[in-house]
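Student: no sequence on this one, just coordinates:
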C-alpha cells in the first residue's frame, strides 16, 4: 500500500471516528455499541441511494438538470435545518423531562453536538466568504490600493502591493471555495446521518428524531412537486419508501435498545 493510499485511508477513518459516538461522558449502562444497528442504518442508506439512482436513470427529469441539482441542494439544506431545530427541541425536552441528576448528566454530554453544529456552520460561512472574495465583492483593487497608499504613500509600490495581495487572495479564496463546497456537503450528510450527534446525549434520541425529519421532507416534496417524470405509482412508492423505512428502522432500533440493552425512555429520564 502506498503512502498516499494509507494517508487517505487514515483521513477517512479519522473523519468517521470524529463523528462516531463519544462514550467518555456516558455511564457504562448507556454505552451502546451495536454493530447490527449500524449495519441496518448503512444498508437502508445504500438501498435508498440505489433506488434514487435507478429512478433517475429510468425516468426523465421533470425540469432541467440544473433545477434538479438546486432542488436537491435545497432539500439537503432543509433537512439540516429541520433536524437542527428538531435536535434542539428534542434535547431540550429530554433535559426538561428528566430527573435533576439525569439532567446534569445530559447537560454534560452536550459538547459533541454543539461542536458538530458549529463545524457545520463553518462550511457555508467559508463558501460565502470565499465566493464573495472570488467575485471581488468583498475586497477590490481600489480598496487595497487605498490601504497600501496610507502605509507607503502614493506611487508604484502601493499599486504593486495591492495587485499582489489581490492575486494571492483571489487564488486562496478559489482554493477555499473548491474545498469548502464538498466539505459542506459531506458535513451536512454526516450531521443528518448522526442527527447532529445527539446519540452522545442519549442513544434513544436519534431513532426518536429521524422519523420527524423524513416525514417533514416528504411533506416538502409533496408540496414542491416531483423532480422525476415517473408514473404516480412509482413516484409515490419511492417517496413513501424513505419515510416508511426510516420509521420502521427507528421503531426496530428502539425495541432492540430495550430488549438487548435495557434502555427505555423511562430509565433514560430517571423516572
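Tutor: Happy to help now that I have it. Nothing here was measured: the structure is a model prediction, and the numbers come from that model. Residues are numbered from 1 along each chain as shown.
Student: tell me how far stretch 146-159 is from the chain's mean position?
Tutor: Here stretch 146-159 is found 45 Å from its chain centre; the criterion is CA atoms, centre = their mean, to the nearest Å.
Student: Now it: average pLDDT?
Tutor: Rounded to a whole number, the mean pLDDT of stretch 146-159 is 73.
Student: how far does it stretch from start to finish?
Tutor: The first residue of stretch 146-159 is 9 Å away from its last residue (CA to CA, to the nearest Å).
Student: now the strands: where do they sit in the stretch 151-271 of the chain?
Tutor: Listed in chain order, the stretch 151-271 of the chain contains no strands at all (DSSP state E, counting those that start in this stretch).
Student: can you map out the helices along it?
Tutor: Remark: helices of the stretch 151-271 of the chain, listed N- to C-terminal, are 156-193, 205-224, 232-261, 265-269; assignment by DSSP state H, counting those that start in this stretch.
Student: what residues does the shortest one touch?
Tutor: By CB atoms under 8 Å, 6 or more residues apart in numbering, the residues outside helix 265-269 that reach it are 30, 94, 97, 98, 99, 102, 202, 204. Just so you know, the C-beta spots here come from the backbone N, C-alpha and C atoms, and that holds for glycine as well.
Student: and the two most separated of those?
Tutor: 30 and 97 (16.4 Å; CB to CB).
Student: who has more neighbours, the two?
Tutor: The residue with the greater number of neighbours, taking residue 30 and residue 97 and applying other CB atoms under 10 Å, is residue 30; the counts read 21 against 14.
Student: Deepest in the core, which of the helices of the stretch 151-271 of the chain is it.
Tutor: Relative to the other members of these, helix 205-224 carries the highest mean neighbour count by mean count of other CB atoms under 10 Å, namely a mean of 18.
Student: what does stretch 206-222 rub up against?
Tutor: Applying CB under 8 Å, 6+ apart, the external contacts of stretch 206-222 come out as 75, 78-79, 82-83, 86-87, 90, 192, 194-195, 198-199, 239-240, 242-243, 246-247, 249-251, 253-254, 257.
Student: would you turn the helices of the stretch 151-271 of the chain into TSV with distance to residue 68?
Tutor: As requested, those are arranged in TSV below (distance: least, CB to CB, whole Å):
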stretch	distance to residue 68
helix 156-193	16
helix 205-224	12
helix 232-261	14
helix 265-269	40
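Student: wait, which of those helices is closest to residue 71?
Tutor: Put simply, out of those the one that sits nearest residue 71 is helix 205-224, at 7.1 Å, with distance taken as CB to CB.
Student: OK, contacts around the residue nearest to the spatial centre of the chain?
Tutor: Centroid-nearest residue in the chain: residue 188, 2.1 Å away (criterion: CA atoms, centre = their mean). Applying CB under 8 Å, 6+ apart, we find residue 188 in contact with 76, 77, 79, 80, 120, 123.
Student: Determine which two of the residues you listed are furthest apart.
Tutor: Of all pairs drawn from the contacts of residue 188, the one with the largest separation by CB to CB is 79 and 123; the distance is 14.7 Å.
Student: and the gap between the closest residue to residue 157 other than its chain neighbours and residue 165?
Tutor: For residue 157, the nearest residue in space outside its immediate sequence neighbours is residue 148; the separation is 7.5 Å by CB to CB, 6 or more residues apart in numbering. For residue 148, the distance to residue 165 equals 8 Å [CB to CB, to the nearest Å].
Student: go on, residue 202?
Tutor: Applying CB to CB, one obtains 50 Å for the distance of residue 202 from residue 165.
Student: Give me the neighbour count for residue 50.
Tutor: Using other CB under 10 Å as the criterion, the residues surrounding residue 50 number 10.
Student: that's a helix at residue 52, yeah?
Tutor: Yes. Under DSSP: H, G, I helix; E, B strand; the rest coil, residue 52 falls within a helix.
Student: mind listing what it touches?
Tutor: With CB under 8 Å, 6+ apart, residue 52 has these contacts: residue 238.
Student: How about the one 3 residues further on?
Tutor: For residue 55, the contact set (CB under 8 Å, 6+ apart) comprises 228, 230, 234, 238.
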